[in-house]
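Enquirer: Sequence isn't available, so here's the structure alone:
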DNA sequence: GGCTCATTTAGACTGGTGGTCTAAAGTCGA
DNA sequence: TCGACTTTAGACCACCAGTCTAAATGAGCC
């Protein structure tokens, strides 16, 4: 490493968009096709028409390239607004209606952007990818934490279990539903899938709602 | 390959237990420490004091070795009984009590056998591992399908969503809970963890129960 | 014992991996 | 024009999973 003033990441961010795309376009294609571990950095470099030295000058490692690729696709600004809106709901009904809308929008976004969906699935499946995306991921978890805490304060979300556990459950349920529809959606008609997808939201809601008395009894 | 009569797997199964252990013991240690992808077959072979030729004579590939390693640890006979018992419950209350017991037992088993827990977590996390364990995994999914269908017939389990979706959700919830406790359990006292773990079972139950009317309304 | 033929075995070898290193080329202020 | 620093190309490294060849071994059979 040089005198220590600039890090690969800063150097890359300073590049103009077009130059950045030289790596990010082939990288996205590669990561979408092969996932993280099986993606070949050598192949990406070759397809980018770049050299190894230059590549490692701008990226600390394979994970940093994946991170940059994912960050370019992800546009969370709009979602943050909807998060805030849901968090400021004044009763349980409004809260869950907002979350329903948010989820529907997420679904639509993923359906409209196959590349993003693919990268996110890779992120969810591969531990190595999660590691390189650790900070953004922690921020997302934090946002969900906040959202659930807001839900608790109006009685929309159970408060008999640790927040981080609920967040983990919610995050993994979303990923599970997404994956199931990605695998099984093709066997359904367009409308059937939409209807089912809406109903499947109940699966996400159910474990987050305050428990019913009958459940508590049975333990 | 030889005349085609015997396959690597058959050859390995024909070996006596002690000889099998020459591979399986170091393989288990390696897979537990590094997971599937990052485990080094070369290292396993070296630690086993075996040669590459002999190893590939008994195992088709790295996945086959992982499969054999996992199969040795997994003792599902006893669980099958409990599955059957739950499936033959005559009302919802009995059904869920049985499942509670089954889950408690699973928890205890995993706590008592760290190696098994580690291998199962690897299986859940890494797609490549799942691929080599595909048939057993399909069998497990089938068993859960059956269990849920039995639950539906006595009104213990919702029937407004595809069974395979419910199974996937259940399987992933179990894995999520297990992982959360593996990561966060150390910060809890023994009793607190046990109590919490029992309460967390509600998270698994909730999405499987027939929906309450208020939920259905809010959609 | 010998002969034959198939199986078993050791380990060199292959084409790939992510990542490092060196030395040349470029850049820029004085 | 010099010197100091940054950027760049690509040879190189250790290691990977998996293949291949040629020697060793073993089982029947004479």
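Expert: Nice, thanks for sending it over. Quick caveat: nothing in here was measured; it's all calculated off a predicted structure.
Enquirer: per-domain residue ranges of chain A.
Expert: A:8-72, A:75-210 (automatic domain parsing).
Enquirer: is the last one up against chain B anywhere?
Expert: Right, the one you point to is domain A:75-210. Yes - using C-beta under 8 Å from any C-beta of the partner chain, domain A:75-210 reaches chain B at A:93, A:96-97, A:100, A:125-127, A:160-162, A:164-166, A:168-169, A:172-173, A:175-177, A:179-180, A:184, A:196, A:198-207, A:209. C-beta: built from backbone N, CA, C; applies to glycine.
Enquirer: What subset of those is buried?
Expert: A:96, A:100, A:125-126, A:161, A:165-166, A:168-169, A:172-173, A:175-177, A:180, A:196, A:199-207, A:209 (16 or more other C-beta atoms under 10 Å in any protein chain shown).
Enquirer: Out of the residues you listed, list just those in helices.
Expert: A:96, A:100, A:125, A:165-166, A:168-169, A:172-173, A:175-177, A:180, A:196, A:199-205 (DSSP state H).
Enquirer: Which single residue in chain A comes nearest to DNA strand D?
Expert: Of all residues in chain A, the one sitting closest to DNA strand D is residue A:53 (1.8 Å; C-beta to the nearest atom of the strand).
Enquirer: tell me the centre residue of chain A?
Expert: Computing the C-alpha centroid of chain A and ranking residues by C-alpha atoms, centre = their mean puts residue A:120 first, at 5.2 Å.
Enquirer: if you skip the residues just before and after it, what's nearest to that residue?
Expert: With C-beta to C-beta, 6 or more residues apart in numbering or on different chains as the criterion, residue A:120 has its nearest non-adjacent residue at 7.3 Å, and that residue is residue A:110.
Enquirer: secondary structure element for the one you found?
Expert: Following DSSP states H and E, the helix or strand that holds residue A:110 is helix A:92-112.
Enquirer: Now do that helix: distance to the chain's middle.
Expert: Relative to the centre of its chain, helix A:92-112 is centred 14 Å away, using C-alpha atoms, centre = their mean, to the nearest Å.
Enquirer: on contacts alone, who are the packing partners of it?
Expert: For helix A:92-112, the elements it packs on are helix A:77-87, helix A:114-125, helix A:134-153, helix A:163-184, helix A:190-205, helix B:213-218, judged by 3 or more C-beta pairs under 8 Å, 6 or more residues apart in numbering or on different chains; DSSP states H and E.
Enquirer: Give the other helices and strands that the longest one contacts.
Expert: Helices and strands in packing contact with helix A:163-184 are listed as helix A:92-112, helix A:114-125, helix A:134-153, helix A:190-205, helix B:163-184, helix B:190-205; criterion 3+ C-beta pairs under 8 Å, 6+ apart.
Enquirer: Mind checking those helices for the one nearest to residue A:64?
Expert: helix A:134-153 (11.8 Å; C-beta to C-beta).
Enquirer: chain center to that closest one: distance?
Expert: 13 Å.
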